[in-house]
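Novice: How does the following fold in three dimensions:
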Amino acid sequence: MVADRRRFLLKKLHSLSGVVPLGVFVVSHLVTQAQALWGQARYDEAVGDLQKIPYLAIVEVLFVLLPLAFHGIYGVVLSFESRPNIGTYPYSRNWMYVAQRLSGILAFAFIVWHISKYWLEKWRGELAPADFYPALCGDLSFSHAGIPVIALLYLLGIASTVFHLANGLWGFFVSWGITVSRRSQRLSATVFGIIGLVLFLLGGNTAIYFATGSRFAVFGIPEGSHAALVRTCSDTAAVAQ
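Specialist: Next up is the predicted model:
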């Protein structure tokens, strides 16, 4: 009885932490990174504003790293404990459940890798916030045998993360009793699907921009606009050479 109640509370906390604060962090992080589409000055300004948050290191630990560790580790535990029945009942929601678990593992691995690359280097004093832009340009433009390996990994990681968030929001609304009827659940599936698509286009376009300097993808900047005259990833690469 006690074990069941503890498991119930852990699953509720796991569900809640995926929305607040982690879901909020993912959206805000994608929006911040997308400022790069307007050039380095705009990006540096956005990152600089974040550095002005009081006690930023404590905020990052309490509201990002600890919730991420709990949500990610417990999510992996749930994934290995689950017994998918898609072979017996190949319904769409069963497939979405499997996709949610798989995307969660991929997203967790991607976010840990991303944080260890940039946040830890920042905390150790090896990477200043002003160096994020050229570092991202250099990392994502790396290719092996003509294949943009890092950029492709970022696209996979972003896709996994936003799918996990969007589908998780649908599950959150169901499990917390916000959407009860079939009609409301179908509507929320459409809404969160659109949100997930928009977030992927935003994050994916940013990753492509860091990798190529291209401004012609969705949410990009038209070549003839004033913003097209500012310093870009391509300029950074040219200076480095």
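Novice: Any stretches of this protein with poor pLDDT?
Specialist: Scanning the chain for pLDDT under 70 picks out 84-91, 215-241.
Novice: That one: helices as residue ranges?
Specialist: With DSSP state H as the criterion, the chain has helices at 2-19, 22-33, 40-51, 56-60, 66-81, 92-123, 132-140, 149-175, 182-212, 233-240.
Novice: Quick one: residues contacting the residue nearest to Val26 when sequence neighbours are not counted.
Specialist: Spatial nearest neighbour of Val26, chain neighbours left out: Leu165 (5.7 Å); criterion: C-beta to C-beta, 6 or more residues apart in numbering. To be clear about C-beta, it is placed using only N, CA and C from the backbone, and glycine gets the same treatment. Leu165 sits next to Gly18, Gly23, Val26, Val27, Gly196, Leu199 when contact means C-beta atoms under 8 Å, 6 or more residues apart in numbering.
Novice: Compare these and tell me which is most surrounded.
Specialist: With neighbours defined as other C-beta atoms under 10 Å, the most crowded of the contacts of Leu165 is Gly18; it has 23 neighbours.
Novice: Pretty sure His71 is one of the things that residue touches, is it not?
Specialist: Yes - using C-beta atoms under 8 Å, Gly18 is in contact with His71, at 5.5 Å.
Novice: Chain neighbours aside, what residue packs nearest to Phe163?
Specialist: The shortest distance from Phe163 to any non-neighbouring residue, by C-beta to C-beta, 6+ apart, is to Ser103 (4.9 Å).
Novice: swap in Ala135?
Specialist: Leu127 (6.4 Å).
Novice: What count of nearby residues applies to the one you found?
Specialist: The number of residues packed near Leu127 is 16, by other C-beta under 10 Å.
Novice: roughly how far apart are it and Val2?
Specialist: Distance of Leu127 to Val2, given as C-beta to C-beta, to the nearest Å: 46 Å.
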